[in-house]
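Trainee: pasting the sequence and the predicted coordinates here, then a few questions.
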Amino acid sequence: MQWLPPWQARAYARIYVDKKAKQFTFSEAGKILEISDERRLAKTLAMLRSSGYLLVTRDPTDSRRKLFSLIDPVSTTVAFAIQSRAKGSELKDKLEAASAFLEYYIGGAYAAYQYHRYLAPASIDTSVRPNELSTWIALVSNKDTSISINEMPSEKSSATNIHFKTDFDPQLAGDTIAKDGIRYLSPELLIANGLSENYPGLEDVIGILIVQRKELDWDKLASLCKQRNVSRILAAILEMLNLESSRTLFDAKKVRKFGLGANTKLRLDFPTNKKSELPEEVYSRISSKWNVVPHFRRSLLSKLVTDLVRSK
């Protein structure tokens, strides 16, 4: 974000007095600002957006129509104060600076990527407090950043895509790791959430397990998986990875520990959103042992093992 020059500040003030933070259309903005030239009006709104004072979305009932809403003055002031403390203008610099002022954590695929460095995701999932969302929008806005919020997609895709989720959970926030001053959910929590909610996805979960296998807190992971009733799923996946590898990646005693006391009478499907995909025969023994049915292709595990283990 950046401070507004006088002519933009006047436009912001006139719209704010009329609309506050309510949504408005392109034509409404023209009437408020008394601008009939569409190109001039578009330039004015575009500069307000890139400066961090305007959110642009698509009308859910008509994707061709843009909807606009201003960021309130308090949020923009706080965002500018944070921006002034950032080491640079890149998103990572803003996230680092925000750590001293705002509560947040990064989860999903982008957090997982910090631990496996395999395939970088297109979007950065950032959980924030609802009352701080407008400050975040102001802070990260620029012409090269696209913003999506909860289920509302961004207007367009950009070089940098950030997805804000207003589902901030203080309990999850207590299980984060700071990397370069930025808060990410811990690898153990990402694995447990991935196995129970498919968020992050299987590829990210496997990536963390392989790359971080010597650094993971296995007792902590066992506890988190037990809480979510996915201990058997984890044990089955570890055995499948051992099967695919030319060497033992995970100690057999460690694998058995996850299944201690588990009730194997109840069948567990994984991932739950791919039940229509038939399980691979090669995993039938492991599947039967843990009563876990894997609904994914063997090629997925084989490729990850090749890329993350055998190639090193």
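Mentor: Looks like it arrived, so ask away. Numbers count the residues shown, from 1 in each chain.
Trainee: which residues does stretch 267-285 contact?
Mentor: Outside stretch 267-285, the residues within contact range by C-beta atoms under 8 Å, 6 or more residues apart in numbering are 195, 198, 201-202, 230, 232-233, 236-237, 240, 243, 287, 290-298. (C-beta placed from N, C-alpha, C; glycine too.)
Trainee: tell me the mean pLDDT for it?
Mentor: Averaging pLDDT along stretch 267-285 gives 89.
Trainee: and that stretch, end to end?
Mentor: Terminal residues of stretch 267-285 lie 14 Å apart, using C-alpha to C-alpha, to the nearest Å.
Trainee: in it, which residues are buried?
Mentor: The neighbour-count check on stretch 267-285 (16 or more other C-beta atoms under 10 Å) flags 268, 270, 271, 279, 280, 283 as buried.
Trainee: now the residues you listed in CSV, with secondary structure?
Mentor: Output for the buried residues of stretch 267-285, formatted as CSV (DSSP: H, G, I helix; E, B strand; the rest coil):
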residue, secondary structure
268, strand
270, strand
271, coil
279, coil
280, coil
283, helix
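Trainee: which two in these are spaced the farthest apart?
Mentor: The largest separation in the buried residues of stretch 267-285, counting by C-beta to C-beta, is between 268 and 280 at 16.3 Å.
Trainee: okay, buried residues for stretch 283-296 please.
Mentor: Under the neighbour-count criterion of 16+ other C-beta under 10 Å, stretch 283-296 has 283, 286, 287, 290, 292, 293, 294, 295, 296 buried.
Trainee: what sits closest to the fifth one if chain neighbours are left out?
Mentor: When the adjacent residues along the chain are set aside, residue 292 lies closest to residue 236, with 4.2 Å between them (C-beta to C-beta, 6 or more residues apart in numbering).
Trainee: which is the succeeding secondary structure element to the helix or strand that contains residue 112?
Mentor: Per DSSP states H and E, residue 112 falls inside helix 108-116. Counting by DSSP H and E, the next helix or strand C-terminal to helix 108-116 is strand 124-128.
Trainee: neighbours of residue 56, how many?
Mentor: 19 (other C-beta atoms under 10 Å).
Trainee: swap that for residue 308, sorry
Mentor: Residue 308, neighbours per other C-beta under 10 Å, totals 20.
Trainee: please report how far it lies from residue 201.
Mentor: For residue 308, the distance to residue 201 equals 16 Å [C-beta to C-beta, to the nearest Å].
Trainee: do the same with residue 92
Mentor: In terms of C-beta to C-beta, residue 92 sits 23 Å off from residue 201.
Trainee: point out where the stretch 201-312 of the chain drops to low pLDDT.
Mentor: Low-confidence segments of the stretch 201-312 of the chain (pLDDT under 70): 310-312.
Trainee: all strands for it, in order.
Mentor: Ranges of strands in the stretch 201-312 of the chain, per DSSP state E, counting those that start in this stretch, are 268-270, 292-294.
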